[in-house]
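> Got a sequence here, can you model it:
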Amino acid sequence: MTVEAQKETRGFQTEAKQLLHLMIHSLYSNKEIFLRELVSNASDAADKLRFKALTDDSLYEDDSELAIRITFDKDAKTLTISDNGIGMTREDVIEHLGTIAKSGTAQFLENLSGDEKKDSQLIGQFGVGFYSAFIVADRVEVFTRRAGVATGEGVHWECTGEAEFTVETIEKASRGTTIVLHLKPEAEEFADGWRLRSIIKKYSDHISLPVIMQKEAMGEDAENQEPEDETINSATALWTRSRSDISDDEYKEFYKHVSHDFEDPLSWSHNRVEGKLDYTSLLYIPAKAPYDLYNRDASRGLKLYVQRTFIMDDAEQFLPMYLRFIKGVVDSNDLSLNVSREILQKDPNIDAMRSALTKRVLDMLSKMAKNNPEDYAKVWSAFGEVLKEGPAEDFTNREKVASLLRFATTHTDKANQDQSLDQYLERMQEGQDKIYYVAAENFNTAKNSPHLEALRKKNIEVLLLSDRVDEWLMGHLMEYKDKKFQDVGKGQLDLGELDTEEDKKAQEESAKQHEDLVKRVKEVLESRVDDVRVTNRLTGSPACLVVGEHDMGAQMRRILEQAGQALPESKPIFEINPEHPLVNKLDQEADEDRFADLANILFDQASLAEGGTLEDPAAYVTRLNKLLLELSH
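Now for the predicted structure:
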């Protein structure tokens, strides 16, 4: 087959067309972002080659000096970015440059805010950095060849940003990728040496690969001067430098490089460990959650280097799942250079490093919570529900994670979660030996739960839990600083020393006095309840539903039911308040049919009060209407 015969034209996916249209027809205020993305991609290509060459150094093809080269032609109005990294095959080109839905394009389009500067910087975060070339170019050409394949298997990709692109097999002597941007008239500023140098210094100074440009001739004899190359970035891995030599701006730019985030990080920790283990870590706490934070199967983890050689982008073994939002780099001298995912999972040094890095992140968060509560509030808003996974996943650090949790409580009655468990303990009443909480479908249901009535009367603070993960969290967080947790909607409400002898005596007398009423209600609701009893929870409501001590809570049951999970049969306990006028009326009702209607209505109202749904709404409405009609006569 001839080279010409291997040229073909292909169409973009719908989402790719939308993206290209956005790049071409939107005038971004921060156009220069394209160069950061293309240089970053070139750096990644070099890292991948280094890793592959660990087991096959023939891939270097007698050229092991990896670099990125940038050239421009003012007359032709072109800008060229070249690397001698891993390169691409024809299949790679079609997959990566023609199919982009898998890289988050849909979410990218949905997250556009209308703020040009922010929108342009979103590009890298969603893995569509290459397409930022169309911000400044009306035609883009890619010349590439995968390391290790024949020189006749090079590939030429070309696109004008419309619905189609062409792919052609070509002869290419050198491995790697060259991208040629044919600049738009309004983007000719990027065919200028000084402008390009300033952008590289701003965004890519930290890249360990040299970025090379030709020195521009100066003076009267400029035409006769020999071209001379110069490296325009520091070309030293930032994490290998001394902390005292790195500015905050450099740390922030490096964060954007490793995370593809457009906002500055809230905090970072750069640490060198020597001794039993020898490694360097640079860890960042982001200010904003990524779009795939709650996809536990999404790529996550730190960039791993071994003796400054890139190994993998998403080394998830170094931090637990609940800290998956942390970004950064770890570079170790204690791991084998031929390290692989399987070996990583078995290496005892990994466990020691994971433990130390986890402790470092938790210490960073604790320090921020203490010294910069406003910043920690941002962390909690973005990652709070993820941190709530910690007590179940990390037994060793369970109490430390618990100290980082924040809750809404009856002390503030505000929906925002801003109260720590330590603050709760400080406000506990004398003699209180438990931390009380209620879990509900939403904040208002929790705040207005009838289960809180007796505790409000005694001014006992209660945690108001309404996140989907909360009941699961409390199933694993049994105690904090020797104080056990108690769900006020489960089992018997035990207030310990906060219940006076008079309270206990009154409860016993009330239960004895209303034995007949309890028996009648239980007979009517026998198929719907596990038990009926006089309450010590209620002061203003007529009745409430209580979950058995060892049964699954109502919130968790609803979540599992919505997920289609089969659940064990469970009936609630029905507690009645004999001091309430409705219950008094019920007690005095002689007509058994009317008694049954009233008992069922009270049961259904108790279910609604805790955010539940009725098994038979029509029966409830019929009973209620019947009573309303009787009252109207």
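> From now on I want contacts and neighbour counts done on CA atoms only, so please keep to that.
Fine.
> lowest average confidence, helix or strand, in this structure?
Evaluated with mean pLDDT, DSSP states H and E, the helix-and-strand set of the chain has its lowest mean pLDDT in helix 116-125, which scores a mean of 48.
> State the next helix or strand along the chain beyond that helix.
Using DSSP states H and E, the helix or strand that directly follows helix 116-125 along the chain is strand 137-145.
> contacts for that following strand?
Under the contact criterion CA atoms under 8 Å, 6 or more residues apart in numbering, strand 137-145 has outside partners 24, 87-89, 133-134, 151, 153-161, 172, 174-184, 187.
> Now with 6 Å, please.
Surrounding strand 137-145, the residues in contact under the criterion CA atoms under 6 Å, 6 or more residues apart in numbering are 87-88, 154-160, 175-184.
> Next: stretch 164-171.
With contacts defined as CA under 6 Å, 6+ apart, stretch 164-171 is touched by 3, 6-12, 151-152, 154-159.
> can you check stretch 375-390 too?
Taking CA under 6 Å, 6+ apart as the criterion, the residues outside stretch 375-390 that touch it are 288-289, 322, 368-369.
> Ok, stretch 574-594 next?
Stretch 574-594 has contacts (CA under 6 Å, 6+ apart) with 517, 532-535, 542-545, 595.
> Out of the residues you listed, list just those in strands.
If you go by DSSP state E, these have 532-534, 543-545 in strands.
> Just the closest of those residues to residue 503, please.
For residue 503, the nearest member of the ones in strands among the contacts of stretch 574-594 is residue 534. The distance, counting by CA to CA, is 13.4 Å.
> which SS class is the residue nearest to residue 525 when sequence neighbours are not counted?
Spatial nearest neighbour of residue 525, excluding adjacent residues (CA to CA, 6 or more residues apart in numbering): residue 600 at 7.1 Å. Classification of residue 600 by DSSP: H, G, I helix; E, B strand; the rest coil places it in helix.
> quick revisit: for ChimeraX, write the select line for the buried members of the contacts of strand 137-145.
Listed next is the ChimeraX selection for buried residues among those, using 16 or more other CA atoms under 10 Å:
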select :87,88,154,155,156,157,158,159,160,175,176,177,178,179,180,181,182,183,184
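> Among the contacts of strand 137-145, which ones are in strands?
Counted as lying in strands by DSSP E, out of the contacts of strand 137-145, are 154-159, 176-183.
> mind putting those residues in CSV, pLDDT and distance to residue 444 included?
Compiled in CSV, these are given as follows (pLDDT from 0 to 100; distance: CA to CA, whole Å):
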residue, pLDDT, distance to residue 444
154, 96, 63
155, 96, 61
156, 96, 60
157, 94, 57
158, 94, 57
159, 90, 54
176, 96, 59
177, 97, 57
178, 97, 58
179, 97, 56
180, 98, 58
181, 97, 56
182, 97, 58
183, 96, 56
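> Now distance to residue 53 too, for those residues, in JSON lines please.
What follows is these, written out as JSON lines (distance: CA to CA, whole Å):
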{"residue": "154", "distance to residue 53": "20"}
{"residue": "155", "distance to residue 53": "22"}
{"residue": "156", "distance to residue 53": "25"}
{"residue": "157", "distance to residue 53": "26"}
{"residue": "158", "distance to residue 53": "29"}
{"residue": "159", "distance to residue 53": "32"}
{"residue": "176", "distance to residue 53": "14"}
{"residue": "177", "distance to residue 53": "17"}
{"residue": "178", "distance to residue 53": "21"}
{"residue": "179", "distance to residue 53": "23"}
{"residue": "180", "distance to residue 53": "27"}
{"residue": "181", "distance to residue 53": "30"}
{"residue": "182", "distance to residue 53": "33"}
{"residue": "183", "distance to residue 53": "35"}
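> Residue 612: which of these is nearest?
For residue 612, the nearest member of these is residue 159. The distance, counting by CA to CA, is 56.5 Å.
> From residue 431, how far off is residue 496?
Distance of residue 496 to residue 431, given as CA to CA, to the nearest Å: 8 Å.
> what do you get for residue 247?
Counting by CA to CA, the separation of residue 247 from residue 431 is 52 Å.
> next one: residue 502
Residue 502 sits at a distance of 16 Å from residue 431 (criterion: CA to CA).
> Repeat that for residue 349.
If you go by CA to CA, the gap between residue 349 and residue 431 works out to 47 Å.
> Show me which of these two is the more surrounded one.
Set side by side, residue 349 and residue 431 show more neighbours around residue 349, with 17 against 11, by other CA atoms under 10 Å.
> any idea what the more buried one is structurally, helix, strand or coil?
When the structure is reduced to helix, strand and coil (three-state DSSP), residue 349 reads as helix.
> Same question for residue 313.
strand.
> and the residue nearest to it when sequence neighbours are not counted, what pLDDT?
Among residues not flanking residue 313 along the chain, residue 303 sits closest, at 4.5 Å (CA to CA, 6+ apart). At residue 303 the predicted local confidence, pLDDT, stands at 87.
> One more: residue 215?
Note for residue 215: predicted pLDDT of 86.
> residues in contact with it?
Residue 215 sits next to 228-229 when contact means CA under 6 Å, 6+ apart.
> start the count at 33, not 1, going forward
Will do, 33 is the new start, and the previous item becomes residue 247.
> Run the chain-centre distance for stretch 459-470.
Using CA atoms, centre = their mean, to the nearest Å, the distance from the centre of stretch 459-470 to the centre of the chain it belongs to is 32 Å.
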